[in-house]
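Student: got a predicted structure plus its sequence, pasted below:
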Amino acid sequence: MTISGQNLSIVIVTLKSEKVIHQCLKSINQNLPIIVVENSNNQKFKEELESKYENLKCILSKSNLGMGAGNNIGINSANTDYVLVLNPDVILEKDTLNELFLASNNLNNFSMLAPLETTFSNYGISNEKHTDRDLKKIKKNKDSPFEVQWIDGFAMLLYKKKLNMDVYFDENFFMYLENNDLCRRVIDKGGSIFVIPKAKINHLAGKTVDHKFEKEIEYSRNWHWIWSRYYYNKKTFWFLQSD
């Protein structure tokens, strides 16, 4: 089954993202259903978005549940086979979605797809998250889709039926590494993940939250990075698991 505008939804998790999300939303085809999961009880934000964008539904989580849990709410609320998960500081280029649609026509079997980020080295895919084999593919392939072990969480397209998961993101990850864990589980189940080089996005990186909350968010990020790293290692590597 190939992707089209009739079977794709966009999911975006937000928190204090009022200053940045409109750039993201304006870059998306307004005929596509968009689900924004706001990790708070900000009714004003919900009303503003839903009044400005006819194709958008905003769900208030009531409290900050984290990225993984927020994405799960959005994915489970989508009535389409495919879901494109985006951060609110991601801007699609003009042909991003069309390139994803075209690539899916030529891929017989995939679980997840990802576009390329345009401003960072190695096409925006972190060295830490990839094997040497992945990085060689990234440098070699400029036009053709290629298979990888990991993709970044700020832009990832999920084929829900192929994943066949009761829970997509492990909600024990509040922030960081939830996407690594999902990719690992996909690969362990025999699934496949592809990067589509012709599908480009711009990622503003670290601009998800209004800058006036930067210090508060920075403290939170540091704590959650340490916890996520510990939990991921414990979950993934047997020698760190308790009896």
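Tutor: Looks like it arrived, so ask away.
Student: so where's this structure uncertain?
Tutor: The model of the chain has pLDDT under 70 over residues 1, 119-142, 205-221, 223, 238-243.
Student: which stretches of it form helices?
Tutor: Applying DSSP state H to the chain gives helices spanning 21-26, 43-52, 67-77, 96-105, 132-140, 160-163, 178-188, 214-236.
Student: can you add distance to residue 2 and mean neighbour count and give the ones you listed back as JSON lines?
Tutor: C-beta here means a position set from N, CA and C on the backbone, and glycine is covered the same way. Putting the helices of the chain into JSON lines (distance: least, CB to CB, whole Å; neighbours: other CB atoms under 10 Å) gives the following:
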{"stretch": "helix 21-26", "distance to residue 2": "25", "mean neighbour count": "18"}
{"stretch": "helix 43-52", "distance to residue 2": "30", "mean neighbour count": "14"}
{"stretch": "helix 67-77", "distance to residue 2": "20", "mean neighbour count": "21"}
{"stretch": "helix 96-105", "distance to residue 2": "5", "mean neighbour count": "19"}
{"stretch": "helix 132-140", "distance to residue 2": "23", "mean neighbour count": "14"}
{"stretch": "helix 160-163", "distance to residue 2": "13", "mean neighbour count": "16"}
{"stretch": "helix 178-188", "distance to residue 2": "19", "mean neighbour count": "20"}
{"stretch": "helix 214-236", "distance to residue 2": "33", "mean neighbour count": "14"}
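Student: which one of those lies closest to residue 151?
Tutor: helix 178-188 (6.3 Å; CB to CB).
Student: of all the helices of the chain, which one is nearest residue 118?
Tutor: helix 96-105 (10.2 Å).
Student: what about the closest one, distance to the chain center?
Tutor: Distance of helix 96-105 from the chain centroid (CA atoms, centre = their mean, to the nearest Å) equals 17 Å.
Student: hmm, back to that, between the helices of the chain, which gets nearest to residue 6?
Tutor: Comparing the helices of the chain under CB to CB, the one sitting nearest is helix 96-105, at 10.6 Å.
Student: what sits up against that closest one?
Tutor: 2-5, 8, 27-29, 32, 84, 110, 113, 115, 145, 157, 194, 196, 198-201 (CB atoms under 8 Å, 6 or more residues apart in numbering).
Student: go with 7 Å
Tutor: Here helix 96-105 makes contact (CB atoms under 7 Å, 6 or more residues apart in numbering) with 2-4, 29, 113, 115, 145, 157, 196, 198-201.
Student: please save the CA atoms from it in CSV.
Tutor: Provided in CSV are the C-alpha atoms of helix 96-105 (Å, rounded to 0.1, in the frame of the first residue of the first chain):
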residue,chain,number,x,y,z
THR,A,96,8.6,17.0,1.0
LEU,A,97,5.3,15.0,1.2
ASN,A,98,5.2,14.4,-2.6
GLU,A,99,8.7,12.9,-2.4
LEU,A,100,7.6,10.6,0.5
PHE,A,101,4.5,9.6,-1.5
LEU,A,102,6.6,8.8,-4.6
ALA,A,103,9.2,6.8,-2.7
SER,A,104,6.5,4.7,-1.1
ASN,A,105,5.4,3.5,-4.5
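Student: now residue 75: how far from residue 231?
Tutor: According to CB to CB, to the nearest Å, residue 75 stands 21 Å off from residue 231.
Student: what does residue 62 give?
Tutor: Going from residue 62 to residue 231 by CB to CB gives 24 Å.
Student: got it, and residue 7?
Tutor: 34 Å.
Student: helices or strands next to the strand of greatest length in the chain in the packing?
Tutor: As assigned by DSSP state E, the longest strand anywhere in the chain is strand 193-203. Counting contacts by 3 or more CB pairs under 7 Å, 6 or more residues apart in numbering; DSSP states H and E, strand 193-203 is packed against strand 90-92, helix 96-105, strand 112-117, strand 146-148.
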